[in-house]
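> Pasting a predicted model and its sequence here:
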Amino acid sequence: MQPHNILLSFSSGSLLRDINEEQLLEILLKDFQTNRPGIVGIGEDCAVVQGRGNDLYYLFKVDATVENVHFEAETPPELIGRKALARALSDIAAMGGEPLYALVGIGISKDQKIEKIKKIYEGIRSLAQAFDLLIIGGETTVCEQLFLVVSLWGKTEGYKPVLRSGATDGDGLFVTGVLGGSFQSGHHLMFMPRIKEGKWLAAGRWAKAMMDISDGLAKDLPRMAKASSIGFEIDFDAIPIRGGYTIKSALTEGEDYELLFSVAKEKEDKLIQSWPFDVPLKKIGFFSQRAKRNFPDEFRGFDHFQKP
Ligand SMILES: Nc1ncnc2c1ncn2[C@@H]1O[C@H](COP(=O)(O)OP(=O)(O)OP(=O)(O)O)[C@@H](O)[C@H]1O
Ligand SMILES: Cc1ncc(C[n+]2csc(CCOP(=O)(O)O)c2C)c(N)n1
Ligand SMILES: [Mg+2]
């Protein structure tokens, strides 16, 4: 059982495995200033910094992709590079932004084949090209466990980024694509970040709250509900599950990299009629002031510090 107030209950001997990712951030950032007018700091998929006027917002994101955590030693190197960039792009998509520039950090051991690193970079280059994104720098270091860190700079222009906190009572709850089986099916290496869908949803003022699903719906939806100070009702039969996988997989395994968003009740039908993309769109429930903010205990979602 997790202690309720982590700041009161952790001791100098406590280990990371005793807490979760959110609790670690609470401990670390207790005395940091992370917000001020025009800036949205911790708690969103990207940090938001307001540009000049009310029409331009910059988005910032940094994402790590680590051997034996996010990919395996045998993963094809082009797909390692592709995934490292795609993960960060998914967070720009989650706010309805468009990507502008990237910095790429890499940690490699001295025994690594140069050919493998070249292939990793080829994976980055081809996805960057697909999104018209410039790689403008990075960092190289030596390390036993191969890792990449991608920093992205993006923007919304002419409309506001969609935060996690905008959902209100009665809003419909939608997801793109299908959920579950990401690791086993290889989706976690091949997914297409939902940049154009996210931008359309934000620029057209369809989505009131939005995020990407990286730790599983069972973990990420309660985060959105908490940010919006609201509960939710899920229609479990409506959840779009990848063929051959289970509802448990769809709710808990994570790395779906799909968009989860809320839409005002009166706009739902129009949204479904107007949806111009090939990727499926599905209503899976609604936000409610009276409903709970959690899934049943058997559905937990992914946490780096805790056993599945
Ligand atoms: N070490 C850290 N220091 C400061 N802020 C952090 C740190 N790690 C995460 N954050 C912030 O905490 C929030 C949640 O981070 P997290 O990486 O879980 O984002 P996410 O979008 O929920 O997940 P993902 O990156 O898998 O999509 C973000 O706003 C992020 O900027
Ligand atoms: C070797 C290997 N083991 C496990 C997984 C599954 N996995 C890793 S990170 C993550 C959640 C999102 O990460 P983050 O919170 O860092 O964004 C999930 C579901 C994998 N892809 N590769
Ligand atoms: Mg995210």
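That came through, no problem. Residues are numbered from 1 along each chain as shown. Ligands and ions are numbered 1, 2, ... in the order given.

> Contact residues of the stretch 51-200 of the chain facing ligand 3?
Asp91 (C-beta under 5 Å from the ion). Heads up, the C-betas are built off the backbone N, CA and C, glycines and all.

> any idea which element the closest residue in space to Ile6 that isn't next to it in sequence lies in?
Nearest residue to Ile6, sequence neighbours excluded (C-beta to C-beta, 6 or more residues apart in numbering): Gln23, at 4.1 Å. For Gln23, the enclosing helix or strand under DSSP states H and E is helix 21-28.

> now do Asp91
Going by DSSP H and E, Asp91 is in helix 77-93.

> burial count for the residue of the stretch 151-300 of the chain found nearest ligand 2?
Per C-beta to the nearest ligand atom, the residue of the stretch 151-300 of the chain with the smallest distance to ligand 2 is Gly254, at 3.6 Å. The number of residues packed near Gly254 is 24, by other C-beta atoms under 10 Å.

> One more: Lys119?
Lys119 has 16 neighbouring residues, counting by other C-beta under 10 Å.

> Return the residues in contact with it.
Taking C-beta atoms under 8 Å, 6 or more residues apart in numbering, we find Lys119 in contact with 76-78, 81.

> One more: Gly97?
46, 57, 59, 154-156, 161, 195, 198-199, 202.

> Same question for Glu26.
6-7.

> go with 6 Å
Applying C-beta atoms under 6 Å, 6 or more residues apart in numbering, we find Glu26 in contact with Ile6.

> Going along the chain, name the helices of this protein.
6-9, 21-28, 77-93, 114-130, 182-185, 187-190, 195-203, 217-227, 247-252, 268-274 (DSSP state H).

> mean pLDDT for those helices: which is lowest?
Set side by side, these differ in mean pLDDT, and helix 6-9 is lowest with a mean of 74.

> From Gly170, how far out is Thr176?
21 Å (C-beta to C-beta, to the nearest Å).

> So the two - more neighbours on which side?
Set Thr176 next to Gly170 and count neighbours by other C-beta under 10 Å: Thr176 wins out with 25 against 14.

> Report the beta-bridge partner residues of the more buried one.
Leu281 (DSSP bridges).

> Can you read off the pLDDT for it?
So Thr176 comes in at 98 (pLDDT).

> List the residues that contact it.
194, 197, 258-259, 279.

> Would you format these as CSV with neighbour count included?
Below are the contacts of Thr176 laid out as CSV (neighbours: other C-beta atoms under 10 Å):
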residue, neighbour count
Arg194, 25
Glu197, 24
Glu258, 27
Leu259, 26
Val279, 14
